[in-house]
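Enquirer: Based on what follows, work out the 3D shape:
(one chain, ligands or ions: 2)
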Amino acid sequence: MQTVPFTYRIPASGETPAGYDRHLTRRLSSLRGFFQDGAAFEKEISLGDTLVYEVYEINRPENSGELQTGLSIVHPGLIGDEYYMTKGHFHAELQTAEIYHCLQGEGVMVMENMDGEWAVEELRPGVVLYILPGWAHRSVNTGHDEDLITYFAYPGHAGHDYATIETQGFRKIMLERDGRPCIVDNPRWVAPGSR
Ligand code: PAN
Ligand code: ZN
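Expert: Ligands and ions are numbered 1, 2, ... in the order given. The predicted model follows:
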């Protein structure tokens, strides 16, 4: 890990990210149960364990004086009529914010908090999204042939709580209707406490 100030690069369009410490890949097999249409998911995965999204991270200590930063790349695709997306999470240290800067592509961030509020914000190149503390977030690629690429930064000690979303889902999901992205109530959403 670096012990003096350092630089790294946001790759030019089409360039493979270089100089990052970690490269995480999320394939269909790691997303079983996340999409609405189970039959479409099984059909798709029988054709191959497709790469859905990737994360390139800079490795920093997990303390509040540090920042965790990197790139998130969601590939284009659909499972049934639901767009490729990240798992989504709350931060384990709930009251921590996050910044996303959209670099390429078309998408949205689906968000909600524990008070029942939700929000969906469009991600387009140049857009900076400030996610308030306490809001779960999932990026969704609503484009048809382009990667959705974002740069993110969040407090070093935030950590991730995936279990809450894995159990209850997000209140809203993004489906394609007549070729366009639509915000739809999640029919499988489970109210906290009713599990
Ligand atoms: C991002 C996300 C990244 C992948 O770095 O971790 O986009 O999404 P999931 O973590 O939901 O799989 C972030 O929000 N970190 O806190
Ligand atoms: Zn986050």
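Enquirer: okay, CA-based contacts and neighbour counts for the rest of this
Expert: Fine.
Enquirer: Please pull out the lowest mean pLDDT helix or strand from the chain.
Expert: helix 163-168 (a mean of 96; mean pLDDT, DSSP states H and E).
Enquirer: So what's the model's average confidence on the helix or strand just after it?
Expert: Where DSSP states H and E defines the elements, the next helix or strand beyond helix 163-168 is strand 172-177. Throughout strand 172-177, pLDDT has a mean value of 98.
Enquirer: which residues touch Cys102?
Expert: Contacts for Cys102 (C-alpha atoms under 8 Å, 6 or more residues apart in numbering) come out as 123-128, 148-151.
Enquirer: That one: which element?
Expert: Using DSSP H and E, Cys102 falls within strand 98-104.
Enquirer: Quick check: the residue of this protein nearest ligand 1.
Expert: At 3.3 Å from ligand 1, Gly88 is the closest residue in the chain, using C-alpha to the nearest ligand atom.
Enquirer: Look up the closest residue to that residue, ignoring the ones flanking it.
Expert: In this structure, Gly88 finds its nearest non-sequential neighbour in Arg138, 4.1 Å apart by C-alpha to C-alpha, 6 or more residues apart in numbering.
Enquirer: ok so, going back, biggest separation within the contacts of Cys102, which pair?
Expert: Based on C-alpha to C-alpha, the longest span within the contacts of Cys102 runs between Val128 and Leu148 and measures 13.7 Å.
Enquirer: Neighbour count for these two, which is higher?
Expert: Leu148 (27 against 17; other C-alpha atoms under 10 Å).
Enquirer: Tell me the bridge partners for that one.
Expert: Using DSSP bridges, the bridge partners assigned to Leu148 are Val74.
Enquirer: Does it touch Leu71 like I think?
Expert: No: Leu148 is beyond contact range of Leu71, at 10.2 Å (criterion: C-alpha atoms under 8 Å).
Enquirer: Among the contacts of Cys102, name the ones in strands.
Expert: 123, 128, 148-151 (DSSP state E).
Enquirer: mind putting those residues in TSV, pLDDT and distance to Leu51 included?
Expert: Converted to TSV, the ones in strands among the contacts of Cys102 look like this (pLDDT from 0 to 100; distance: C-alpha to C-alpha, whole Å):
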residue	pLDDT	distance to Leu51
Leu123	98	21
Val128	98	26
Leu148	98	13
Ile149	98	15
Thr150	98	17
Tyr151	98	19
